[in-house]
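Enquirer: heads up, no residue letters with this:
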């Protein structure tokens, strides 16, 4: 026992001189003839008496262990539940706002476009209605005209802008849309551009193609009407009146039955309003000379009727109809 104590004392002195970690030896009061070394294992073999050099190695390994590293508290460890809820709500709102801004990617919501057309509904009214439905600001630039002479008398500014090349994108015709200094021509191309930029062209390529198809169906409907009506500026004649009666009583009803078979149960395509719904709405409520007879032609088409009603309930479109300029065409 005296020899063991001597070895232990010498080893402790050696280790204390080469390590910065203090070694604390706590005396353990045990019965006589029991080793004073720390038990580090629980299996039977480890409980057997150890040789001197084995005890020395164990003591050295204990002394060489670094001091324990303090554990850092979590960032919000001292925050109350109410404070945590407020911080979480703020972070969630910031994330949602950033997600919406990144997802939008709309040019027309960030840049004010200019739509140039005559002071009439005509080929620009669908475009204006798209802007209204999406609640997006733009400049509705109109060239005034009068019908006093044998042909329309257009304001002087129209000729100035035409000569300046503003209408070249549409082969010197109107409408044109100016976006970030670029000019876009053709009314149908502008409709598709604006609708796609504002998220009104469906969820994918298939939806987009279906929306395009319905827009073309409505275009065919309007072309057939123009053919039956003839010159819109001509005075009424018995022949024109007969042609119009046949159009509303027979031809248009046939067209509406066909459209009823291709539109969806909720909207023309998909589960939200699209360009196809707006095109259909503008045509059926504004493109025909007799609005009541036009409405009567699709009274037996519940899906078409529902779509027209839902588009008409859009707050932006309602505001547009109340505030737009009054004109003949």
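Expert: In hand now; what should we look at? Remember, predicted model here, so these are calculated numbers, not experimental data. Numbering: from 1, shown residues only.
Enquirer: when you work out contacts or count neighbours from here on, use the C-alpha atoms and nothing else.
Expert: Fine.
Enquirer: please enumerate the strands of the protein.
Expert: Here the chain has its strands, by DSSP state E, at 114-118, 139-143, 145-146, 153-154, 176-179, 182-185.
Enquirer: quickly compare the ones you listed and say which is most buried.
Expert: When you average the neighbours per residue for each of the strands of the chain (mean count of other C-alpha atoms under 10 Å), strand 176-179 leads with a mean of 22.
Enquirer: mean confidence for that strand?
Expert: Mean pLDDT, strand 176-179: 98.
Enquirer: what bridges to residue 178?
Expert: With DSSP bridges as the criterion, the beta-bridge partners of residue 178 are residue 114, residue 183.
Enquirer: dump the residue contacts of it.
Expert: Contacts were defined as C-alpha atoms under 8 Å, 6 or more residues apart in numbering; by that measure residue 178 touches 113-115, 184.
Enquirer: okay if I get those as TSV plus pLDDT?
Expert: Compiled in TSV, these are given as follows (pLDDT from 0 to 100):
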residue	pLDDT
113	98
114	98
115	98
184	98
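Enquirer: now stretch 318-328: buried residues?
Expert: Neighbour counts over stretch 318-328 (16 or more other C-alpha atoms under 10 Å) mark residue 320 as buried.
Enquirer: same check on stretch 211-219?
Expert: So for stretch 211-219, counting by 16+ other C-alpha under 10 Å, buried means 211-212, 214-215, 217-219.
Enquirer: residues contacting it, please?
Expert: With contacts defined as C-alpha under 8 Å, 6+ apart, stretch 211-219 is touched by 201-202, 259, 262-263, 268-269, 274-276, 279-280, 283.
Enquirer: which one of those residues is nearest residue 236?
Expert: Of all those, the one sitting nearest residue 236 is residue 283; the distance, using C-alpha to C-alpha, is 22.3 Å.
Enquirer: just checking, the closest one touches residue 222?
Expert: Yes: assessed by C-alpha atoms under 8 Å, residue 283 is found in contact with residue 222 at 7.5 Å.
Enquirer: the strands of the chain into TSV, with extra columns for distance to residue 164?
Expert: Listed next are these as TSV, based on distance: least, C-alpha to C-alpha, whole Å:
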stretch	distance to residue 164
strand 114-118	14
strand 139-143	15
strand 145-146	19
strand 153-154	16
strand 176-179	14
strand 182-185	13
